[in-house]
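Peer 1: from the sequence below, what's the structure:
(chains A and B)
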Amino acid sequence: MTADAFVAAAGGNGDEPATPDVYEQRAFGFWLYLMSDAIIFSLLFATYAVMARNNAGGPTGNTLFSLPNAFAETMLLLFSSITFGLATLAMKSGEKERMLSWLLVTFLLGLGFVGLEIREFHGMVRAGAGPDRSGFLSAFFTLVGTHGLHVTFGLIWILIMTSQVIIKGLTIPVASRFLRLGLFWHFLDIIWIGIFSIVYLPGIL
Amino acid sequence: MGPSPEDTDRGPRSQLTDIGRSLRSHVTDIGRSLGSHLGRIGRELPGQLERIGRGLLVFLTHIGRGLRSAGVGAHRSVRSYLAGIDRDLRPYLIGFALALILTAIPFALVATNPLPKLTTLIIIGVAAAIQVLVHLRYFLHLDLTSTPRENLVAIVFTAILIFLMVGGSFWIMFDLHNRMAM
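Peer 2: Numbering: from 1, shown residues only, chains lettered A, B, ... in the order given. Now for the predicted structure:
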């Protein structure tokens, strides 16, 4: 299949109305992407679990991790999940302003999360506990950093969706993209459950 | 004398100014609409946050009251409260309340440290597993009947892959670790 034929089959450039089938297929494709992402994360988790004790005489999680910081990050992501859900409900009832306001709150919560994480990483690197210090820290920065990057891309996606809703309105393609962003955002919160349960809590304990 | 450079340039240049002018008007349009949207969002936000906060508070007190009085009556009080709120909002609120509880338990255990280490680790693991299911059910709306079959197949296949790869890695690495320690 040529690229053009593929674009035509997938419903033009994405702005022409396509059949509901196309959007269902896209949701399934996105679901497959999420599952492959889940495999990446589970292997990063496995790597971390294997490396967690290899601190090469350097600092351990007990001295590096802060329980209040991890708790604040957890709350920010959890609240951003429900505010995203509220944006989804507002979209389903066609209330554009309410949807945008919840999207804005979600963005700010996500931004707060990324901010806390950058501050934590910065403090660790400055204290001589960067990813090059030990196997434990390499695995830590890879796992938590990959999640943080995902959240950052989610924030960019939220901005793009916001501008699309403002400029294009609540069209079917925009709604379809928005629902896939929702899958992505809730998925990231699930990964975070694993991070605080496997990295932070056992590390501090 | 041929056409002066200005004459030949006028075409593209006037086109450029046209583009510039239309770009500018587009940008001001977008800016203006963004401004009015943001203004409205700012005006509506506090009220909405307050409404949600109040709803959550009522929900949590209902749960608290229900837990205290226990039994069928409690169940009915949560039920009747849930029946009163918007049908679509319900799963999000239930999921949110459950996630809050399942997050608070492990964090509180680690903060106060009242139990032996192994017990705490097991509780952390169980709470995390339940919370993942809560998120899948109430936030991702995963459902054994309404979710498309191929999505469920994909998630089961992924679970098998994860089990094989993570379980296999642990088996090999920890076995190696034990042999090296001998």
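
Peer 1: residue 125 is in what secondary structure piece?
Peer 2: Since no chain was named, I'll use chain A. helix A:96-126 (DSSP states H and E).

Peer 1: let me rephrase: I mean chain B.
Peer 2: helix B:117-134.

Peer 1: do that helix and chain A meet?
Peer 2: Yes: with C-beta under 8 Å from any C-beta of the partner chain as the measure, helix B:117-134 is seen reaching chain A through B:Lys117, B:Thr120, B:Leu121, B:Ile124, B:Gly125, B:Ala127, B:Ala128, B:Gln131, B:Val132. Using the backbone N, CA and C atoms, a C-beta is placed for each residue, glycine as well.

Peer 1: pick the one among those closest to chain A.
Peer 2: B:Ala128 (3.7 Å; C-beta to the nearest C-beta).

Peer 1: okay, now that closest one: neighbour count?
Peer 2: 21 (other C-beta atoms under 10 Å in any protein chain shown).

Peer 1: for it, which non-adjacent residue is closest in space?
Peer 2: A:Ser197 (3.7 Å; C-beta to C-beta, 6 or more residues apart in numbering or on different chains).

Peer 1: tell me the contacts of that neighbour?
Peer 2: Shown in contact with A:Ser197 (C-beta atoms under 8 Å, 6 or more residues apart in numbering or on different chains): B:Pro106, B:Ile124, B:Gly125, B:Ala127, B:Ala128.

Peer 1: now for the host helix or strand of A:Ile40, which elements pack on it?
Peer 2: Element membership for A:Ile40, per DSSP H and E: helix A:20-51. The contact analysis (3 or more C-beta pairs under 8 Å, 6 or more residues apart in numbering or on different chains; DSSP states H and E) places helix A:20-51 against helix A:135-168, helix A:172-195, helix B:149-181.

Peer 1: picking that back up, name the member of the residues of helix B:117-134 next to chain A with the most neighbours.
Peer 2: B:Gln131 (26 neighbours).

Peer 1: can you pull the contacts of that one?
Peer 2: A:Ile193, B:Leu98, B:Ala99, B:Leu102, B:Thr103.

Peer 1: point out where chain A drops to low pLDDT.
Peer 2: A:1-20 (pLDDT under 70).

Peer 1: my bad, chain B
Peer 2: In chain B (pLDDT under 70), the answer is B:1-11, B:62-85.

Peer 1: picking that back up, the helix holding A:Val125 close to chain B?
Peer 2: Yes: counting by C-beta under 8 Å from any C-beta, chain B has neighbours in helix A:96-126: A:Glu97, A:Arg98, A:Leu100, A:Ser101, A:Trp102, A:Leu104, A:Val105.

Peer 1: grab the nearest non-local neighbour of the fourth one.
Peer 2: To tie it back to what came earlier, the one meant is A:Ser101. Counting by C-beta to C-beta, 6+ apart, the residue nearest A:Ser101 is B:Ile41, at 4.1 Å.

Peer 1: same deal with the first one?
Peer 2: Beyond its immediate neighbours in the sequence, the residue positioned closest to A:Glu97 (C-beta to C-beta, 6+ apart) is B:Arg40, lying 5.3 Å away.

Peer 1: I figured that neighbour hits A:Lys96, correct?
Peer 2: No: with contacts counted by C-beta atoms under 8 Å, B:Arg40 stays clear of A:Lys96, the gap being 9.9 Å.

Peer 1: sounds good, over and out.
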